[in-house]
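Chemist: Please work out how this folds:
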Amino acid sequence: MISFIIPAHNEQSMIGQTIRALHAAGSAAHEPYEIIVVDDASTDATTTVATHCGAQVFSVQHQQIAATRNAGAAHAQGDLLVFVDADTAVPSNIGSAAMQAVRSGAVGGGAKARFDGSVPIYGHVLAWLWQCLQRFEHLASGCFFFCTRDAFEAAGKFDETLYAAEDVVLSRRLGHLGRFVILREVVVTSGRSLRSHSAFEVLPLVAGFLVRGPKFFTTRHGLWYGRRRDDSDSRA
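Modeler: Predicted coordinates:
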């Protein structure tokens, strides 16, 4: 079984499209599948929308992405765990592509991603740098991340001491266990953080990560855990 796991916090405007895309991907894979939404302290209609769209929903109060992802994995029944951000739309063939990868011996992997709508110039630069790093270091971003349950457990799950970059750390751990792949398929994820924050706000976080690595994110940093700003270009 494929378990699609969506961590969500105040995602009522975007999670419906994400779930519908996952239903299409699950059906196209011709495998049993489930869609699990882990609602983390939402104050909007996220749970109502997710339930209406046919997802299993349960709530936590972690307010931390790694712990929320791990809670979803603990609840899941599948042998293949696929983590998808609530603001990410996947192509219909990506479930079968991930399944084929693990059947051919991969322990896990990710996918290429592009932003929806328009993003500022610095966003394009960051996306290009990430794609280069992803290609050479075999890293998956949290917007689409998959692995077998056995590998997930063996790698120690997502690191709950981190408030970001937990996907980078788990990618590396899984890579030490076996083959970690980046699929050719492309997912579309929201560029709202880039549209609603300036380069002067984002680049210090990038610089901190480059200097200190994932350890830079052992405390909360505002862009991920602060009050979300409006984004007029977000998908409806």
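Chemist: What segments of the chain are strands?
Modeler: Defined through DSSP state E, the strands belonging to the chain, from first to last, are 2-8, 33-40, 56-60, 80-84, 88-89, 106-115, 144-148, 179-189.
Chemist: Dump those into CSV; add mean neighbour count as well.
Modeler: C-beta here means a position set from N, CA and C on the backbone, and glycine is covered the same way. CSV is the format used below for the strands of the chain (neighbours: other CB atoms under 10 Å):
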stretch, mean neighbour count
strand 2-8, 27
strand 33-40, 24
strand 56-60, 15
strand 80-84, 26
strand 88-89, 22
strand 106-115, 22
strand 144-148, 27
strand 179-189, 19
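Chemist: so residue 94 makes contact with residue 183?
Modeler: Yes - the criterion here is CB atoms under 8 Å, and residue 94 meets it with residue 183 at 6.8 Å.
Chemist: who touches both of these two?
Modeler: Taking CB atoms under 8 Å, 6 or more residues apart in numbering as the contact rule, the neighbours common to residue 94 and residue 183 are residue 111.
Chemist: Residue 80 is in contact with residue 2, correct?
Modeler: Yes - at 4.9 Å, residue 2 and residue 80 qualify as touching, with contact defined as CB under 8 Å.
Chemist: which residues do those two both contact?
Modeler: Common contacts of residue 2 and residue 80, defined by CB under 8 Å, 6+ apart, comprise 98, 99.
Chemist: Bridged to residue 115, which residues?
Modeler: Following DSSP bridges, residue 115 is listed with bridge partners residue 189.
Chemist: and the gap between it and residue 189?
Modeler: From residue 115 across to residue 189, the span is 6 Å (CB to CB, to the nearest Å).
Chemist: The residue of the chain most remote from its centre and residue 207, how far apart?
Modeler: The outermost residue of the chain, judged by C-alpha distance from the chain's mean C-alpha position using CA atoms, centre = their mean, is residue 200 at 24.6 Å. Distance of residue 200 to residue 207, given as CB to CB: 11 Å.
Chemist: Which residues does the longest helix along the chain contact?
Modeler: Among the segments of the chain that qualify as a helix by DSSP state H, the longest is helix 121-137. The contact list for helix 121-137, computed with CB under 8 Å, 6+ apart, reads 110, 112, 114-115, 119, 139-141, 171-172, 182, 191, 194-195, 199, 202-203, 206.
Chemist: are any of those buried, and which?
Modeler: Neighbour-count burial (16 or more other CB atoms under 10 Å) applied to the contacts of helix 121-137 gives 110, 112, 115, 119, 139-141, 171, 182, 191, 194-195, 202, 206.
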